[in-house]
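Engineer: Following is a predicted model, sequence given first.
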Amino acid sequence: MGTPDFAAASLQQLLDDGFDVVGVFTQPDKPKGRGMELSASPVKELALAHGLPVFQPEKMRDGTALEALKGLQPDILAVVAYGRILPPDLLELPKYGAVNVHGSLLPKYRGAAPIQWSVLNGDKLTGVTTMYLANEMDTGDVIYTEETAIGEFETSGELYDRLKIMGAKLLSRTLRDIEKGVAPRRAQEHEKASYVKMLDKSLCPLDFTRPARMVVKQIYGLQPWPVATMTVGGETFRVFAAAYGEKNGAAAAGTILRADDRGIEIACGDGKSVLITELQAPGKKRMKAADFLRGHPIAEGTVL
């Protein structure tokens with residue numbers, strides 16, 4: 001049971017490792033693009049390519065999903081980014097219950113967008129967790145976790161691509177060990193739980209009163225979507241890349257310290273600075289900040 005490419009990676013891993021996938025549940029096709037044509041999920045496309053039965057129930061509690069599941073008689077449910085809450089009757093049907101892959105080290109970052117928030121919050125470490133599904137979201141007993149360091153300038157998209165492969169391999173190991181009867185199981189420390197929400201465009205404007213590192217993490221955490229922004233001369237620029245600046249001192253947060261062939265250096269709230277190195281002006285292509293500045297100089301001392 002899964003929908004996006006994060007889940008498709010797990011399905012591919014199970015197929016590669018010889019598991020008998022008796023059926024695939026994914027969300028209904030959704031309209032996309034300018035023509036708003038119905039588009040299949042990555043999981044559906046992969047399932048159809050392998051000749052697997054695909055089920056796309058509109059609702060999970062009207063009996064349709066349950067009847068389909070009864071017909072398949074699965075030993076276990078492998079749920080990865082399905083995007084639906086499974087009712088108790090579905091969870092209880094398979095002999096071995098239901099397991100899930102989550103893109104954080106639970107109980108930290110329960111909920112949506114855990115990968116993006118680990119970057120946005122400046123974490124140095126994250127990982128993936130396999131767990132048994134419970135009635136409440138992301139509260140089930142943990143089976144395995146695997147950790148990985150977050151690169152200082154790694155985007156959420158890059159981390160997502162790494163974690164989906166880690167999660168797929170961990171799911172395969174988890175299912176094998178459940179089959180052998182050797183999979184561990186431990187309750188989460190619920191008092192240490194934290195929750196994160198979906199990303200939206202309200203997170204985009206860069207706040208230079210924050211410490212320089214958190215500004216950098218905002219830039220990389222909001223990629224590939226919704227992308228950080230800053231306003232210069234009344235125009236809103238999308239910001240794609242940055243480094244730590246060399247200048248610091250008493251300049252007010254948001255002050256442009258330099259704008260040259262290195263990029264646009266801006267003072268931050270902790271007395272340090274960030275160097276914007278790649279951006280996109282309104283109506284323009286994404287480009288190096290230095291290239292933009294050649295035709296559009298910005299005065300030093302300007303306060304954003």
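Structural biologist: Sure thing, it's come through.
Engineer: now the closest residue to His296 other than its chain neighbours: how far from Asp29?
Structural biologist: Residue nearest to His296 in three dimensions, not counting chain neighbours: Ala281, with 7.3 Å by C-beta to C-beta, 6 or more residues apart in numbering. C-beta here means a position set from N, CA and C on the backbone, and glycine is covered the same way. Taking C-beta to C-beta, to the nearest Å as the measure, Ala281 falls 36 Å from Asp29.
Engineer: and what of Pro4?
Structural biologist: Taking C-beta to C-beta as the measure, Pro4 falls 14 Å from Asp29.
Engineer: Spit out the residues that contact those two alike.
Structural biologist: Ser41 (C-beta atoms under 8 Å, 6 or more residues apart in numbering).
Engineer: follow-up on the earlier one: looking at Ala281 and Asp29, which one has more neighbours?
Structural biologist: Ala281 (17 against 13; other C-beta atoms under 10 Å).
Engineer: could you give me the average pLDDT of the longest helix seen in the chain?
Structural biologist: Longest among the helix segments of the chain by residue count, using DSSP state H, is helix 156-180. Helix 156-180 comes out with an average pLDDT of 98.
Engineer: what sits up against it?
Structural biologist: So helix 156-180 is contacted by 5-6, 9-10, 12-14, 17, 19, 76, 78, 80, 96, 99, 101-103, 115-116, 118-120, 126-128, 130, 143-144, 146, 148, 150-151, 183, 220-224 (C-beta under 8 Å, 6+ apart).
Engineer: Which among those count as buried?
Structural biologist: Buried subset of the contacts of helix 156-180 (neighbour count, 16 or more other C-beta atoms under 10 Å): 5-6, 9-10, 12-14, 19, 76, 78, 80, 99, 101-103, 115-116, 118-120, 126-128, 130, 143-144, 150, 183, 220-223.
Engineer: which secondary element of this protein has the worst mean pLDDT?
Structural biologist: strand 30-32 (a mean of 87; mean pLDDT, DSSP states H and E).
Engineer: Which parts of the stretch 1-150 of the chain are helices?
Structural biologist: Assigned by DSSP state H, counting those that start in this stretch, the helices in the stretch 1-150 of the chain fall at 5-16, 42-49, 64-72, 88-92, 114-120.
Engineer: Quick check: closest non-adjacent residue to the most centrally placed residue in the chain.
Structural biologist: Geometric centre of the chain, nearest residue: Ile115, 4.0 Å, by C-alpha atoms, centre = their mean. In this structure, Ile115 finds its nearest non-sequential neighbour in Gly103, 4.6 Å apart by C-beta to C-beta, 6+ apart.
Engineer: Fine by me, we can end here.
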